[in-house]
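[1] sequence plus the predicted model coming up.
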Amino acid sequence: MGRTPAHTGVIMTEITPVLTANIEPGRAPLDCAGYERAGGYAAVRKALGEMSPDQLLDLVKESNLRGRGGAGFPTGMKWGFVPQGDDSPNPKYLIANGDEMEPGTFKDRLLIHGDPHQIVEGMILSAYAVRAPVGYIFLRPEYERGADLLHHAIAEAEAAGYLGKNILGSGFDLELHPHVSAGRYICGEETALMNALEGRRPNPRSRPPYPAISGLFGKPTIVQNIETLSCVPHIVNNGAKWFRRLGLGDDAGTKLYCVSGKVKRPGIYELPIGVTLRELVFEHCGGMLDGLEFKAAIPGGAATMLMTPEELDTRLDFTSLDKAKNRLGTAGVIVIDDHTCIVGISLNLQSFFARESCGWCTPCRDGISWIVDILRDLEEGRGEPGDAELLMREMKMIGPNAFCALAMGAEGPMVSALEKFPEEFETHISGGGCPYERPPALPPQSN
Ligand SMILES: Cc1cc2nc3c(=O)[nH]c(=O)nc-3n(C[C@H](O)[C@H](O)[C@H](O)COP(=O)(O)O)c2cc1C
Ligand code: SF4
């Protein structure tokens, strides 16, 4: 077993940590000098000294890095969409997405609080590759301390010559600005995020045009998750092949898996991407708390599909979960035990989506609230025969007819709950309400 930093709750296991290598229990993050001593900013020296932006872009393409913010889009391919050349629009922008309001997801927080210089370095490299002279770091409001740490890291990097004009004599200029959000889930959606940054109401924008073509202030913009950006220095230092080989299946790199629910050791685990759900829950997390059985898990935050005990051997990576008609999402794994009601969980999740709907389009604004009403009726004994079919029919209409991915996200856990646990909905109807007792007092736990 590895280290157990008390201040973050992270548990790092056998593999040599990559993204979490500089994160130590109870210790403030490394300052610039400490980060340099640990090998930090070597990638910036290498890339800006020896590589053209196009060579860096090709390296990231070759590494098979896929976005860690939810959609898993290939990072290098996205960078390749940014128009370049003398007649292309300028300036271009880079945005680090640290909104992190997905339920069960708390990995970017660890990177922001634990190693802010790694994010700054990842942003310098990514901005260089897409030739962006300005970058923003968009943070959820609760990450106040993170914003302070990032301001400090940016000032230190400027003083050391890694930010500002003509970085390390390369001719490349970059300024970075942390921005604290007003705090809504929809602000994490990249087009709503850009509206928020511009001071507008954060409704999503229609696409096309895609942000890489016309984004912030109408200019080419790359939005990238904090964890995605943190991978880039390691790819530059160690190569694309090294990064690809870290993965256990078809995907590349390590992954920060956040685990919550009634397992023995919840927390954040940096593991090779592609670990199975079984290994994550029963080896790294030590299994379920005594007296409880594994019933289900949601693999990637609220907006993914429930997995059953029969799916424990599925790899938690983009490719394997796509094949299983699921999604890796944020890899925020929420484990559900046999004392927990699936209808109750569904009510909880749909209440979140209904509350966080931005209200722009009717199917999402009114439809998800209606789903919540039906689920509440089931929980409180007012369910009627046919309610499960009604839920399924309505939910399948909402997602495809709504304007952005928030509503499609709400569909995943609801439809999979109905498909995989139909008996729970039936018992709520036939038994006149929720058959589960409120969570029992847990028996004393062994380690
Ligand atoms: C409702 C909603 C919320 C989102 N929240 C976040 C978030 O907090 N952080 C994030 O990186 N991506 C979030 N995304 C995904 C972003 O739109 C975008 O795909 C991502 O930031 C791109 O970065 P990546 O390619 O590195 O994953 C959200 C998407 C939706 C639909
Ligand atoms: S789907 Fe929901 S969150 Fe997205 S635009 Fe419509 S109302 Fe807003």
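    Good, I have the coordinates. Ligands and ions are numbered 1, 2, ... in the order given.
[2] show me where pLDDT drops low in the protein?
    1-15, 438-447 (pLDDT under 70).
[3] all strands of it, in order?
    Ranges of strands in the chain, per DSSP state E, are 93-98, 134-139, 175-180, 221-225, 254-261, 267-272, 294-298, 332-337.
[4] could I get those strands in JSON lines, plus columns for mean neighbour count and distance to S214?
    The C-beta positions use only the backbone N, C-alpha and C, and glycine is treated the same way. Shown next, in JSON lines, are these (neighbours: other CB atoms under 10 Å; distance: least, CB to CB, whole Å):
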{"stretch": "strand 93-98", "mean neighbour count": "27", "distance to S214": "11"}
{"stretch": "strand 134-139", "mean neighbour count": "24", "distance to S214": "16"}
{"stretch": "strand 175-180", "mean neighbour count": "17", "distance to S214": "20"}
{"stretch": "strand 221-225", "mean neighbour count": "26", "distance to S214": "8"}
{"stretch": "strand 254-261", "mean neighbour count": "23", "distance to S214": "31"}
{"stretch": "strand 267-272", "mean neighbour count": "22", "distance to S214": "36"}
{"stretch": "strand 294-298", "mean neighbour count": "24", "distance to S214": "34"}
{"stretch": "strand 332-337", "mean neighbour count": "24", "distance to S214": "31"}
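[5] export these to JSON lines and tack on distance to ligand 2?
    Putting the strands of the chain into JSON lines (distance: least, CB to the nearest ligand atom, whole Å) gives the following:
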{"stretch": "strand 93-98", "distance to ligand 2": "16"}
{"stretch": "strand 134-139", "distance to ligand 2": "17"}
{"stretch": "strand 175-180", "distance to ligand 2": "21"}
{"stretch": "strand 221-225", "distance to ligand 2": "16"}
{"stretch": "strand 254-261", "distance to ligand 2": "23"}
{"stretch": "strand 267-272", "distance to ligand 2": "28"}
{"stretch": "strand 294-298", "distance to ligand 2": "20"}
{"stretch": "strand 332-337", "distance to ligand 2": "19"}
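[6] just send the ones you listed back as JSON lines, with distance to A157 too.
    Below are the strands of the chain laid out as JSON lines (distance: least, CB to CB, whole Å):
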{"stretch": "strand 93-98", "distance to A157": "14"}
{"stretch": "strand 134-139", "distance to A157": "12"}
{"stretch": "strand 175-180", "distance to A157": "8"}
{"stretch": "strand 221-225", "distance to A157": "18"}
{"stretch": "strand 254-261", "distance to A157": "23"}
{"stretch": "strand 267-272", "distance to A157": "24"}
{"stretch": "strand 294-298", "distance to A157": "37"}
{"stretch": "strand 332-337", "distance to A157": "29"}
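[7] those: which one's closest to G247?
    strand 267-272 (5.9 Å; CB to CB).
[8] so does the top helix by length along the chain get close to ligand 1?
    In the chain, with assignment by DSSP state H, the single longest helix is helix 362-379. No. Helix 362-379 lies out of reach of ligand 1 by CB under 6 Å from any ligand atom, never closer than 10.4 Å.
[9] may I see the buried residues of that helix?
    Buried residues in helix 362-379, counted by 16 or more other CB atoms under 10 Å: 363-364, 367-368, 370-372, 374-375, 377-379.
[10] what packs against that helix?
    With contacts taken as 3 or more CB pairs under 8 Å, 6 or more residues apart in numbering; DSSP states H and E, helix 362-379 sits against helix 342-356, helix 387-401, helix 405-420, helix 422-430.
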